[in-house]
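Enquirer: Have a look at this prediction, sequence included:
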Amino acid sequence: MIPYGRQSLNAADIDAVVAALQSDWLTQGPAVPAFESAMATRCGANHAIAMCNATAALHIACLALEVGPGDRVWTSPNTFLASANCARYCGATVDFVDIDPQTLNMSVEALASKLARAKTANQLPKVIIPVHFSGQPCDMEAIGELARQYGCRVIEDAAHAVGATYQNAPTGNCAYSDITIFSFHPVKIITTGEGGMALTNDPELAQRMSRLRSHGIVREPAELENESDGPWYYEQIDLGYNYRMTDLQAALGSSQLQRLDLFLNARHALATRYDTLLADLPVTLPKRLPHRQSAWHLYPVQVAPESRRTVFETMRAAGIGVQVHYIPVHLQPYYRDQGFRPGDYPHAEAYYRGAFSLPLYPSLTAGEQDRVVTALSNALA
């Protein structure tokens, strides 16, 4: 089976993890801040806070922005559940903004219209979470301007977009957002096994997220509420969580980061080759947008909705591990119980009915890619 995604590990990655295993630190040691510093430098952000996974990072980001009961958070329906669930963990109400059928990201026009209506109804969101679906950056300048106009905060869900660029600047620089979230799951652009990271330019948000990922504990004298009993002393000043990344994960992440450009170049070349090989087939290919460079986490295509299941099952039977990204979040039973219904976000639903993702990862060979294209051609026939 050719999977839709796969990690790319080499001897240097293994050596980095072995070195961490042989060090004095397995959990919270020097490898974590080294990885954070390297990611912040790469992205042009002031602060980076590593966590055990991207869902945890999204949760902590919402908490750092003081999302709670009575607040509203809006995100895209075309995403993994975590983009919405993170707000529900905080007790907030979740709503969605339909996608642009060309970009498959949050529609700026739909967002502007919905914000105008929400202001009239006194129901503006506290936080907007645009999602860089498949690695393609959202129109963050427009979203950031709307958020500023209506007094909202912004969390970029960039789980797919490590290494992507927008207006010739790296995703993660937080130029138009308060916080950006990355994922380092094995199928993502670089991996730490499991892992995530929050980046921000705000020192207070960075301090808050760092505290919340580790039980809400502080040790620095300036942060203590009471006089210290001695060098062992610490205080819990928030209800935090154990969302920390280990040194083993961070060592792997730092090693992977050194090959990020190689990974991106391979993904770009494979995506370009797909564009050529699929040009004459009856499929809708992903759009390439000006002033943006996708990280190509996914290569999503669309076929006629009435044939999607047959094509999908035929390709799986041929050993091609296609996958669907995503079932619109609002159609899940949990969110239907919140009052959402089919038809609420027609562009996301229309995309879902014909969509699936083709295999794309750096070690995918030309021969394997040819097998994918042949299987798709046969399935469509």
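Expert: Great, that's in hand.
Enquirer: All the helices of the stretch 201-350 of the chain, in order from the start?
Expert: With helices called from DSSP state H, counting those that start in this stretch, the stretch 201-350 of the chain shows them at 203-212, 247-257, 260-277, 308-317, 333-336, 346-354.
Enquirer: Ok, which of those helices comes nearest His132?
Expert: Nearest of the helices of the stretch 201-350 of the chain to His132, taken as Cβ to Cβ: helix 260-277 at 14.2 Å. (Glycine included, C-beta is placed from N, CA and C.)
Enquirer: how distant is the closest one from the center of its chain?
Expert: 20 Å (Cα atoms, centre = their mean, to the nearest Å).
Enquirer: circling back: out of the helices of the stretch 201-350 of the chain, which is the most enclosed?
Expert: The highest average neighbour count among those, using mean count of other Cβ atoms under 10 Å, belongs to helix 247-257 at a mean of 25.
Enquirer: which regions of the stretch 201-350 of the chain sit below the pLDDT cut-off?
Expert: Under the criterion pLDDT under 70, no range of the stretch 201-350 of the chain is flagged.
Enquirer: Out of the helices of the stretch 201-350 of the chain, the one nearest Thr93 is which?
Expert: Taking those one by one with Cβ to Cβ, helix 333-336 is closest: 11.2 Å.
Enquirer: To Ser183, which of the helices of the stretch 201-350 of the chain lies closest?
Expert: Among these, helix 247-257 sits nearest to Ser183 (Cβ to Cβ), with 11.4 Å.
Enquirer: need the strands for the stretch 51-200 of the chain, in chain order.
Expert: In the stretch 51-200 of the chain, the strands defined using DSSP state E, counting those that start in this stretch lie at 72-75, 93-96, 127-129, 153-157, 165-166, 169-170, 179-183, 196-200.
Enquirer: What distance do you get for Asn242 to Ala56?
Expert: 9 Å (Cβ to Cβ, to the nearest Å).
Enquirer: tell me, what's touching these two both at once?
Expert: Shared contacts of Asn242 and Ala56, defined by Cβ atoms under 8 Å, 6 or more residues apart in numbering, are found at Arg213.
Enquirer: out of the two, which sits in the more crowded spot?
Expert: Ala56 (25 against 9; other Cβ atoms under 10 Å).
Enquirer: which residues touch the closest residue to the more buried one other than its chain neighbours?
Expert: Of all residues not flanking Ala56 in the chain, Tyr243 sits nearest, at 3.9 Å (Cβ to Cβ, 6 or more residues apart in numbering). Applying Cβ under 8 Å, 6+ apart to Tyr243 gives the contacts 51-52, 56-57, 59-60, 212-214.
Enquirer: okay, now Gln323: neighbour count?
Expert: Neighbour tally, Gln323, other Cβ under 10 Å: 17.
Enquirer: Against Asn378, how distant is it?
Expert: Taken as Cβ to Cβ, the span from Gln323 to Asn378 is 19 Å.
Enquirer: before we move on, what about Asp337?
Expert: 41 Å.
Enquirer: Looking at those two, which is more packed in?
Expert: Neighbours were counted for Asp337 and for Asn378 using other Cβ under 10 Å; Asn378 has more, 12 against 8.
Enquirer: The strand or helix carrying the more buried one: which residues count as buried?
Expert: In this structure, Asn378 is located in helix 366-380 according to DSSP states H and E. Of the residues in helix 366-380, 368-369, 371-373, 375-376, 379-380 count as buried by neighbour count, 16 or more other Cβ atoms under 10 Å.
Enquirer: Out of these, which two sit at the greatest distance?
Expert: Glu368 and Leu380, at 19.0 Å, using Cβ to Cβ across the buried residues of helix 366-380.
Enquirer: Show me the contact partners of stretch 263-274.
Expert: Contacts of stretch 263-274 (Cβ under 8 Å, 6+ apart): 8, 135, 163, 189-190, 285-286, 293-297, 299, 358, 360-364, 366, 369, 373.
Enquirer: Out of these, which end up buried?
Expert: Counted by 16+ other Cβ under 10 Å, the contacts of stretch 263-274 give 8, 135, 163, 189-190, 286, 293-297, 299, 358, 360-362, 364, 369, 373 as buried.
Enquirer: tell me the domain ranges of this protein?
Expert: 11-257, 260-380 (automatic domain parsing).
Enquirer: Quick one: closest of these to Met1.
Expert: Nearest of the domains of the chain (Cβ to Cβ): domain 260-380, 4.9 Å.
Enquirer: and the angle from the helix holding Asn378 to helix 260-277?
Expert: 40 degrees (axes from the mean of the first three to the mean of the last three Cα atoms, to 10 degrees).
Enquirer: The stretch 51-200 of the chain: helices as residue ranges?
Expert: Under DSSP H, counting those that start in this stretch, the stretch 51-200 of the chain gives helices at 54-64, 82-89, 108-120, 140-150.
Enquirer: which of those is buried the deepest?
Expert: Most buried among these, counting by mean count of other Cβ under 10 Å: helix 54-64, with a mean of 27.
Enquirer: Run through who's touching that one.
Expert: 49, 51, 73, 82-83, 85-87, 89-90, 92, 127, 129, 155, 157, 159, 179, 181-185, 195-198, 205, 208-209, 212-213, 241, 243.
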